[in-house]
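[1] compute the structure for the input listed below.
(2 chains, ligands or ions: 2)
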Amino acid sequence: MIKVFHLYKNYLPTVMVLQDVTFAVAPGEFVYLTGPSGAGKTTLLKLLFAAERPKSGQILLAGRNLTTFSRRQIAHLRRTIGVVFQDFKLIPYRTVFDNVALVLEILGLPRNEIKKRVWKVLKLVGIEQKLYRYPLELSGGEQQRVAIARALVNNPQIILADEPTGNLDFEITTEIMNIFNYVNSQGTTIMLATHNRMLLEKFRKKVLTIHQGRVEEFSWTAAAE
Amino acid sequence: MKANHIFYLLRATYQNIRQHLVINLISILTIAFSLVVFGAYFFGYLNLQQTLSRWRADIQVIAYLKDDISRRQLQQLETFCRRQPEVAKVVYVSKKEALQRFRESLGQGSRLLEGLEDNPLPASLEINLREGVRELPVIEKLTARLAARPGVEELQYGQQWIAKFYSVLNLLNIFALGITGFLFFVTVFIVSNTIKLSFYSRRETVDIMELVGATRSYIAVPYLLESLFQGAVASLVALGILYSLYFSLAQWLQERFYFLQGVVAVRFFPPLVLAAFILLGVGLGLLGFLVSFRWLRGS
Ligand SMILES: Nc1ncnc2c1ncn2[C@@H]1O[C@H](COP(=O)(O)OP(=O)(O)O)[C@@H](O)[C@H]1O
Ligand SMILES: [Mg+2]
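    Ligands and ions are numbered 1, 2, ... in the order given. This next block holds a predicted model:
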C-alpha cells in the first residue's frame, strides 16, 4: 500500500533530514513510526501526503508514483488519504458538522448524502451529540475525534497520523487508539507517528524506527527496547 | 465543478463574510474611502469641465447700441452682421426686453428696480458664432470690423479667460490623468494590503483546505466572491457618501449663490458614470484579490 524507495529530503542545502529511507507497508497493516524528536517522522509523513517534495527517491501509494504528481493530482490524491495531526487542524469558525462535511463538499456530493455520511462517521468516533458545536467549545480529545472523523469520512485506504495523541491524556489516548484499531480492522492501512513508549507497549504493532533521518529498524520488537 | 459545488461555495462565502465581519467592514470602508476621494475629485473635474463647455457654447459677441440709433442704421447693422462668415445667429434685444430680462435674473431682488423711472439698459445685438470659430483671434477680428459701424456703442465678448478655456481644459485633462493614475495606485495598494491582512488571518484555513484535497481554484472562489462583494458594497457606500456631499453642496450653492444659478450648475454623476463607478469598485476588489491571492500562493 505504501512503498518508499531510497528517499532523501533536505530543507536546507547542507542538512539531509531523511537519508536513504526504504520500507514497505502492506495493505491493511497498522504501523508505528517512531524515533526521537527531530528524527524526521513529521517530514516522512509530509512526504507521504505530498506536503513536501523529496530531493530524490520514489514514493508509491496504492501503486501510484506520487513524486511525479502535479498540484491537481496531489489534491485528488489527498481525498483518498486521511491525515490526522497533533494539533487537530480544524477550522475554528466552522461547526463540527461543517468541518467534517468540507471533505465531501469538495467532492461535490449532494447535501443529503453528506448529512448521512457525516452523521455516521461522527457516531463512529462518538461525538454525534456535538454536531453543531464549534471546535473551540470542545475538549482536546473531542477535537481529535472530529479530526479523525474528517479523515475517515471519505473511506480512505490509508490513514496517516502525526502524534495524534501527543496532546491528550492516557485515558483519552486509549479511546482514540480504539477508534484507530477499529478502522484498521475494517481494512484501512494506518501509519501513526509517535514517540510515546507507553503507547507502543500497550498496543503492539509493527514499528518503523528512524533515527537522524535513517531507518534504524522495522519489526515487531520495538516494545522490548 | 458540479452544480452542488456552487451551493457549497456560496455558502462558504457567506460564512466567511459572517465570521469575518470586522475585517470585511474594514476592507469595505477602506475601499469606500478611496472611492470617495477619487469620486469627489472626479465629481469636481466633471462639473468644472461641464461648466466650461457650457460657457464655451455661450460665447457670443454682444454689440450694445447707442440710444439714438435710427431704424435704418439698425437694419443695416443687422444685415452687416448676418453677412459675416463667422456669425451663426443674430438676435435683437430691445431696451424693454433687456430690462425685463434683468428683472427675471434678479428674481426676488427685482423689487429693487421698482422705483426706477428711466430705463438705463441699452438695446443690443446678440451675435452667436459658428462652431469652431469661437476662438479669441477670430472674435477679435470680428469685433474690430463691427466697432467701425455706426450706431455701435460698445462691444463685449466675455472675459478673455473664457476664450482661453481651450488651454485651461487641456491643462485640466493632463492634470486629471496624473491625479487619476496616482489615486488609482494608492487605492490598489491600500485595498490589496487590507485584503492581504484578511487573508493572513485565514492562512490556516487555506492550509487545512489544501490538506483535505481542495484545489487552489476551489479554495480561491469564496475569497474572490468576497472581494467582489466588498468592492460592490464599498462603491455603493461611497456613492451614498458622495451623494450626500453633493446634496449639501448643491443646497449651499442654492442658498448662498442663487444668483449664479444659470452660470454654475453642479450635477451628480450621470447614469453611465454611476455604473462605471460601481464597476470600478468591483474592479478594485478583484484587483486586490488578484494581488493578495498571488501573494498567498507564492508563500
Ligand atoms: N520547514 C523546515 N525547515 C527546516 N528544517 C526543518 C523543517 N521542518 C523540519 N526541519 C528539521 O528537520 C528535522 C526533522 O524534523 P521533523 O520531521 O519535524 O522531526 P520529528 O517529527 O521526528 O520530530 C529536524 O531537525 C527539524 O529541525
Ligand atoms: Mg513531529
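
[2] just the pLDDT for the spatially most central residue of chain A.
    Nearest residue to the geometric centre of chain A (C-alpha atoms, centre = their mean): A:L160, 2.0 Å. A:L160 carries a pLDDT value of 97.

[3] what's in contact with whichever strand or helix holds it?
    If you go by DSSP states H and E, A:L160 is part of strand A:158-162. Residues outside strand A:158-162 that contact it (C-beta atoms under 8 Å, 6 or more residues apart in numbering or on different chains) are A:1-2, A:41-42, A:45, A:48-49, A:61-62, A:80-86, A:151-152, A:180, A:183, A:188-193. Any C-beta I mention is one placed from the backbone N, CA and C, and that applies to glycine too.

[4] now those: which count as buried?
    A:1-2, A:41-42, A:45, A:48-49, A:61, A:81-86, A:151-152, A:180, A:183, A:188-193 (16 or more other C-beta atoms under 10 Å in any protein chain shown).

[5] list the buried residues of the host helix or strand of A:E171.
    In the assignment (DSSP H and E), A:E171 maps to helix A:170-185. For helix A:170-185, burial by neighbour count (16+ other C-beta under 10 Å) applies to A:I172, A:T173, A:I176, A:M177, A:I179, A:F180, A:V183, A:N184.

[6] quick one: list the elements packing against that helix.
    Helices and strands touching helix A:170-185, as assessed by 3 or more C-beta pairs under 8 Å, 6 or more residues apart in numbering or on different chains; DSSP states H and E, comprise strand A:30-34, helix A:140-152, strand A:158-162, strand A:189-193, helix A:197-202.

[7] quick one: which of those is nearest B:L121?
    Shortest distance between B:L121 and the helices and strands packed on helix A:170-185, using C-beta to C-beta, is found for helix A:140-152: 89.5 Å.

[8] strand A:158-162 and the closest one, what's the angle between them?
    150 degrees (axes from the mean of the first three to the mean of the last three C-alpha atoms, to 10 degrees).

[9] mark out where each domain of chain B begins and ends.
    With domains defined by automatic domain parsing, chain B comprises B:3-55+B:164-298, B:60-156.

[10] could you dump the ones you listed to a markdown table with mean neighbour count?
    Formatted as a markdown table, the domains of chain B follow (neighbours: other C-beta atoms under 10 Å in any protein chain shown):
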| stretch | mean neighbour count |
| --- | --- |
| domain B:3-55+B:164-298 | 17 |
| domain B:60-156 | 14 |
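
[11] so which of the ones you listed is nearest chain A?
    domain B:3-55+B:164-298 (3.7 Å; C-beta to the nearest C-beta).

[12] where exactly do the strands run in the stretch 151-299 of chain B?
    B:152-156 (DSSP state E, counting those that start in this stretch).

[13] same check on chain A?
    For chain A, the strands defined by DSSP state E cover A:2-10, A:16-25, A:30-34, A:56-61, A:64-65, A:81-85, A:158-162, A:189-193, A:206-211, A:214-219.

[14] ok now stretch B:76-92, how far from the chain's centre?
    Its chain's C-alpha centre and that of stretch B:76-92 lie 35 Å apart, by C-alpha atoms, centre = their mean, to the nearest Å.

[15] pull the most distant pair out of the buried residues of helix A:170-185.
    Pairwise over the buried residues of helix A:170-185, using C-beta to C-beta, the maximum falls at A:I172 and A:N184, 18.6 Å.

[16] do me a favour and get the end-to-end distance for stretch A:68-82?
    21 Å (C-alpha to C-alpha, to the nearest Å).

[17] one more: stretch B:153-170?
    End-to-end for stretch B:153-170, by C-alpha to C-alpha: 36 Å.

[18] same question for it, mean pLDDT?
    Stretch B:153-170 comes out at a mean pLDDT of 68.

[19] so which of the strands of chain A is nearest B:Q230?
    Across those, closest to B:Q230 is strand A:81-85 (C-beta to C-beta), at 32.2 Å.

[20] A:R145: how many residues sit nearby?
    Using other C-beta atoms under 10 Å in any protein chain shown, A:R145 is surrounded by 24 other residues.

[21] over to A:K89?
    19.

[22] residue contacts, it?
    So A:K89 contacts A:A147, B:E204, B:D207, B:I208, B:L211 (C-beta under 8 Å, 6+ apart).

[23] and for the closest residue to the first one other than its chain neighbours, the neighbour number?
    Put plainly, it is A:A147. Leaving out its chain neighbours, the residue that sits closest to A:A147 by C-beta to C-beta, 6 or more residues apart in numbering or on different chains is A:F88, at 4.5 Å. For A:F88, the count of nearby residues is 21 (other C-beta under 10 Å).

[24] check whether A:F88 really touches A:Q144, as I assumed.
    Yes: A:F88 is in contact with A:Q144 according to C-beta atoms under 8 Å; the separation is 5.8 Å.

[25] any chance of the helices and strands packed on helix A:170-185 in a markdown table, plus distance to B:R111?
    Below are the helices and strands packed on helix A:170-185 laid out as a markdown table (distance: least, C-beta to C-beta, whole Å):
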| stretch | distance to B:R111 |
| --- | --- |
| strand A:30-34 | 100 |
| helix A:140-152 | 84 |
| strand A:158-162 | 92 |
| strand A:189-193 | 97 |
| helix A:197-202 | 102 |
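
[26] looking at the ones you listed, which has the lowest confidence?
    Going by mean pLDDT, the lowest-scoring of the helices and strands packed on helix A:170-185 is helix A:197-202, which has a mean of 88.

[27] can you list the residues of chain A near ligand 1?
    A:Y11, A:L12, A:V17, A:G35, A:S37, A:G38, A:A39, A:G40, A:K41, A:T42, A:T43 (C-beta under 6 Å from any ligand atom).

[28] closest one of these to chain B?
    Proximity of these to chain B (C-beta to the nearest C-beta) peaks at A:T42, which lies at 13.6 Å.
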